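Q: one predicted model, sequence on top.
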Amino acid sequence: LDLFSGLKFGSSGPSDDYRNRWNLNTTHGKGWLPKIVVIAGSGRSFCAGIDVYTLKMDQDESHSNRTSNTSIPDPALVALNLKRRIELMQNALNAIESCDCLVIAAMHGYILGSGLELALACDLRICDIDSKFGLTEVQLGLCADLGGIQRLTRASGGNHAMMRYLIHSGDTFDAKTA
């Protein structure tokens, strides 16, 4: 089940077809519900976070939709596009978290930013010993806005000082610390 492929986050927003992908509690035309879903990355990492280039493309698209000839992108359109993108990703992670089946994150390599937020939405997280984790959005002047802060708080096992440090610093941590 590919939750994000083909999504276009323009000013008109995504179609209902993409929203329907996130309802993991439906049969998807198969007549049965899965008991277990495994989310795994391909390549060298599970997920190294959001593609920052797409954020720049949103800004460029907002600029190209303008009727004036100024070189400054419309900040309202940029903010609206970013808000829509964030809401869509929040909905996807909330659907994973509330799914009736067991959702397992099979992780390796880097699990950073929204990749860690994705893993935190899963019921079980399994990683290799060389994995590196982090809510690194803060290093870009952003915050973990997909529910990662709340989910990390619940998963921290009572080590709130460490959790606050990781959220505010954007530092990465290893599998043993995780």
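A: Looks like it came in fine.

Q: any stretches of this protein with poor pLDDT?
A: 1-32, 54-71 (pLDDT under 70).

Q: quick one: the residue most central in space within it from residue 86, how far?
A: Centrality entry for the chain: nearest residue to the mean C-alpha point is residue 114, 3.6 Å, by C-alpha atoms, centre = their mean. Between residue 114 and residue 86 the distance is 10 Å, computed by C-beta to C-beta, to the nearest Å. No exception for glycine: its C-beta is placed from N, CA and C like everyone else's.

Q: quickly list what's touching both of these two.
A: By C-beta atoms under 8 Å, 6 or more residues apart in numbering, residue 114 and residue 86 have these common neighbours: residue 146.

Q: the residue nearest to the centre of the chain and residue 47 touch, don't they?
A: Yes. With contacts counted by C-beta atoms under 8 Å, residue 114 reaches residue 47, the gap being 7.1 Å.

Q: need the distance between the two termini of stretch 38-48.
A: Start to finish, the residues bounding stretch 38-48 are 18 Å apart (C-alpha to C-alpha, to the nearest Å).

Q: buried residues in that stretch?
A: The neighbour-count check on stretch 38-48 (16 or more other C-beta atoms under 10 Å) flags 39, 41, 45-48 as buried.
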